[in-house]
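Asks: quick one, structure for this:
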Amino acid sequence: MNEINSPKISVIVLSYNFGKYIGECIESIVNQTLRPYKIIIADDCSSDNSWEVIKKYESQYPEIIKAFRHHKNMGVVYNSTFAKKNAMIDSEYVSTIDGDDRWLSRKLEMEYAALKSNPNAGLAYSGYNFIDEQGKILLTYKHKCKELSSQDILVKTLSRTLFNGQGIFRNPLYKISTFENMGFSDDKLESWWDWDNAIRCCEKYIIAYSGDVYVEYRLNPTGMHTLDPIINYRTVKKIYEKYMYLIENNSNKDKIYIKCHIEKIILALQCKYYPNNQEVCYSAKKVYERNKKDYDKLSNEDKAIIKADIYRLFAILNKIDGLQKMKNNEIGKAIKSLCMFAYYKAILLASEIRREINDKK
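Replies: Numbering: from 1, shown residues only. I've put the predicted structure just below:
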């Protein structure tokens with residue numbers, strides 16, 4: 001595409017102690033086949049060598065990279081909001097990436113093409129590879145079909161099952177009007193902002209799909225999933241309650257599908273964080289009984305559509321019921337199965353539960 005006619009795409013890079021990966025992230029952006037108009041890098045007072053790496057690239061690409069560094073750590077929401085305000089100036093499209101992730105070279109090109117092909121869409125997303133610290137692909141999240149309906153995307157984003165039963169979209173390309181209307185991340189949440197933002201997008205906008213995998217999301221041992229464990233549990237519950245009105249606006253079939261998937265996430269986190277003091281309403285038994293009762297009220301046609309997925313969850317819930325009585329290896333298997341929403345979380349949960357049990361012996 002001729003540079004004169006290229007769209008003004010701004011890319012936000014959020015940085016905090018990603019010195020090991022930030023160079024790889026920036027390289028993946030400047031090497032896009034559709035090169036961004038500007039790259040805003042916001043570093044939240046990293047204590048490693050992130051800033052030195054960032055400044056090296058800013059000096060190498062002064063025409064497109066603008067780097068900012070806070071004098072003290074301000075937190076994820078503040079850093080994100082600061083970067084977004086800068087990116088909104090003189091932009092037509094915006095995309096955001098964490099400094100430990102990376103993109104394949106046609107990411108911006110193909111998402112921009114998806115938006116041009118779907119003029120009513122407010123944003124476009126791609127499938128993604130889930131990679132380890134060394135960049136090895138662990139899992140690939142991609143649609144089997146070319147694209148989903150807006151209703152399907154909403155249901156599967158609420159339930160975190162967008163790609164063949166797992167995950168949500170990441171790093172979408174927004175039209176600037178969408179980006180501005182979406183506002184900033186919810187500062188009342190302590191984590192899981194990507195899920196919250198994705199739900200808000202699905203509620204308000206038509207969403208286009210690029211058709212393939214162009215994002216790579218890294219399992220970083222210092223990433224968000226290593227926050228204080230209680231924060232993740234508390235935040236998922238808060239998001240569930242926040243969007244209950246939206247869940248209730250769906251068909252009975254979709255409501256059961258969404259609720260069952262979110263409640264098994266809450267249960268999985270609860271098994272990890274409160275194994276001896278579980279909230280009764282989110283015990284495996286209660287989650288099963290509540291959702292099974294609603295499922296039994298569906299028409300035979302609706303039952304058939306979600307039966308395979310829901311019955312698999314029911315079987316897992318029944319297995320998790322009585323978790324305290326299981327042996328260590330059985331706990332690991334149960335938690336791993338339960339956490340289908342994110343395989344790496346299953347590994348972490350299972351290993352940490354085993355460690356806690358061993359510590360108590």
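
Asks: distance of residue 51 relative to residue 62?
Replies: 16 Å (C-beta to C-beta, to the nearest Å). In short, each C-beta sits where N, CA and C put it, glycine included.

Asks: ranges for the helices of this structure?
Replies: Counting by DSSP state H, the chain has these helices, from start to end: 22-30, 50-60, 76-87, 107-117, 150-158, 176-182, 193-204, 229-242, 244-248, 252-273, 284-296, 300-320, 328-338, 343-360.

Asks: out of these, nearest to residue 211?
Replies: Residue 211 lies closest, by C-beta to C-beta, to one member of the helices of the chain: helix 107-117, at 6.8 Å.

Asks: list the buried residues of the closest one.
Replies: 107, 108, 109, 110, 111, 112, 113, 114, 115 (16 or more other C-beta atoms under 10 Å).

Asks: quick one: pLDDT of the last one?
Replies: Spelled out, that is residue 115. Note for residue 115: predicted pLDDT of 97.

Asks: now do the contacts for it.
Replies: Contacts for residue 115 (C-beta atoms under 8 Å, 6 or more residues apart in numbering) come out as 93, 121, 123, 124, 173, 175, 208.

Asks: ok, 7 Å please
Replies: Residues in contact with residue 115 (C-beta atoms under 7 Å, 6 or more residues apart in numbering) are 121, 124, 173, 175, 208.

Asks: again, but for the fifth one
Replies: Shown in contact with residue 111 (C-beta under 7 Å, 6+ apart): 124, 125, 126, 173, 210.

Asks: and if we set it to 8 Å?
Replies: For residue 111, the contact set (C-beta under 8 Å, 6+ apart) comprises 95, 124, 125, 126, 172, 173, 208, 210, 214.

Asks: do the second one as well
Replies: Under the criterion of C-beta under 8 Å, 6+ apart, the neighbours of residue 108 are 9, 11, 32, 33, 34, 35, 36, 95, 173.

Asks: inside strands: which ones of those residues?
Replies: Counted as lying in strands by DSSP state E, out of the contacts of residue 108, are 9, 11, 95, 173.

Asks: rewinding a little: between the helices of the chain, which gets nearest to residue 41?
Replies: Across the helices of the chain, closest to residue 41 is helix 50-60 (C-beta to C-beta), at 5.4 Å.

Asks: tell me the mean pLDDT for that closest one?
Replies: The average of the pLDDT scores along helix 50-60 is 98.

Asks: then stretch 192-209?
Replies: Stretch 192-209 shows a mean pLDDT of 96 in the predicted model.

Asks: okay, buried residues for that stretch please.
Replies: Neighbour counts using 16+ other C-beta under 10 Å place 192-202, 205-209 of stretch 192-209 among the buried residues.

Asks: then stretch 87-102?
Replies: In stretch 87-102, counting by 16+ other C-beta under 10 Å, buried: 87, 91-102.
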